[in-house]
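[1] Got a predicted structure plus its sequence, pasted below:
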Amino acid sequence: MRFIFHTVLWFYLPPVIFMAMIFGGSSQEGVPEWFPNFLDYLLSLKYTDKAIHTSEYAILSLLWLRAFTAGRFLQATGRQMLGACLIGLFYGMTDEIHQMFVPNRTPDFFDVLADGIGSGIGVIWIYLWRSRNTNTEL
C-alpha cells in the first residue's frame, strides 16, 4: 500500500499539478497587471506564444512519460511514449476548448498544433536519448 501511495505522489502527481498550472494560466483573461514589462514584451512577439505552448507541452509529455516508466526513461516502451504524447495533444485540445468560455480568450488551432508538436518533441527527445544510451530500437 505504501508503495502505491509513494508511486502516485512521486510520479503521477507532478504531471497532474502541471496540467492544473496550464489550466490556471489559460483561465486568465489576459496578462496580469503585475506581470513584468519585459515578459509582457516577449509575449507580444510573433512566435513567442507558440514557443511557450511547445515548451510547456514538451515538459508535460516528459512528466507523463516519467510517471508511466516510474522514472526509468531508458525502459520506456513505444506505448508509453505514444500515451504521453497523446495525453499532451488531447489536453491541449481541451485547453483550447476551455478558452472558448474565458472572457477575452479565443481558441486557436495553431496553439493545438504547437501543443502536439511540443508533446512529440518531449517524447522524441527521450527516444533519441534512450536509443543513444541503449543502442536498441523500440
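    Alright, I've got the coordinates.

[2] Show me what counts as buried in the helix or strand containing Leu82.
    Per DSSP states H and E, Leu82 falls inside helix 78-99. In terms of neighbour count (16 or more other CB atoms under 10 Å), helix 78-99 has its buried residues at 80-81, 83-85, 87-89, 91-93, 95-96, 99. Where you see a C-beta, it was placed from the backbone N, CA and C, and this is true even at glycine.

[3] for that helix, packing partners?
    helix 13-26, helix 48-69, helix 109-134 (3 or more CB pairs under 8 Å, 6 or more residues apart in numbering; DSSP states H and E).

[4] Show residues contacting that helix.
    15, 19, 22-23, 26-27, 53, 57, 60-62, 64-65, 68-69, 105-109, 111-112, 114-116, 118-120, 122-123, 126-127, 138 (CB atoms under 8 Å, 6 or more residues apart in numbering).

[5] relative to helix 13-26, how tilted is that helix?
    20 degrees (axes from the mean of the first three to the mean of the last three CA atoms, to 10 degrees).

[6] Kindly export helix 78-99 (C-alpha atoms) in PDB.
    Coordinates of each C-alpha in helix 78-99 appear next as PDB, following Å, rounded to 0.1, in the frame of the first residue of the first chain:
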ATOM      1  CA  GLY A  78       6.600   2.700 -27.600                       C
ATOM      2  CA  ARG A  79       3.100   2.500 -26.000                       C
ATOM      3  CA  GLN A  80       4.200   4.600 -23.000                       C
ATOM      4  CA  MET A  81       5.800   7.200 -25.300                       C
ATOM      5  CA  LEU A  82       2.700   7.300 -27.500                       C
ATOM      6  CA  GLY A  83       0.500   7.600 -24.400                       C
ATOM      7  CA  ALA A  84       2.500  10.500 -23.100                       C
ATOM      8  CA  CYS A  85       2.300  12.200 -26.400                       C
ATOM      9  CA  LEU A  86      -1.400  11.700 -26.900                       C
ATOM     10  CA  ILE A  87      -2.200  12.900 -23.400                       C
ATOM     11  CA  GLY A  88      -0.400  16.200 -24.200                       C
ATOM     12  CA  LEU A  89      -2.200  16.500 -27.500                       C
ATOM     13  CA  PHE A  90      -5.700  15.800 -26.100                       C
ATOM     14  CA  TYR A  91      -5.100  18.100 -23.100                       C
ATOM     15  CA  GLY A  92      -4.000  20.800 -25.500                       C
ATOM     16  CA  MET A  93      -7.300  20.400 -27.400                       C
ATOM     17  CA  THR A  94      -9.400  20.500 -24.200                       C
ATOM     18  CA  ASP A  95      -7.400  23.600 -23.100                       C
ATOM     19  CA  GLU A  96      -8.300  25.400 -26.300                       C
ATOM     20  CA  ILE A  97     -12.000  24.400 -25.900                       C
ATOM     21  CA  HIS A  98     -11.800  25.700 -22.300                       C
ATOM     22  CA  GLN A  99     -10.600  29.100 -23.600                       C
END
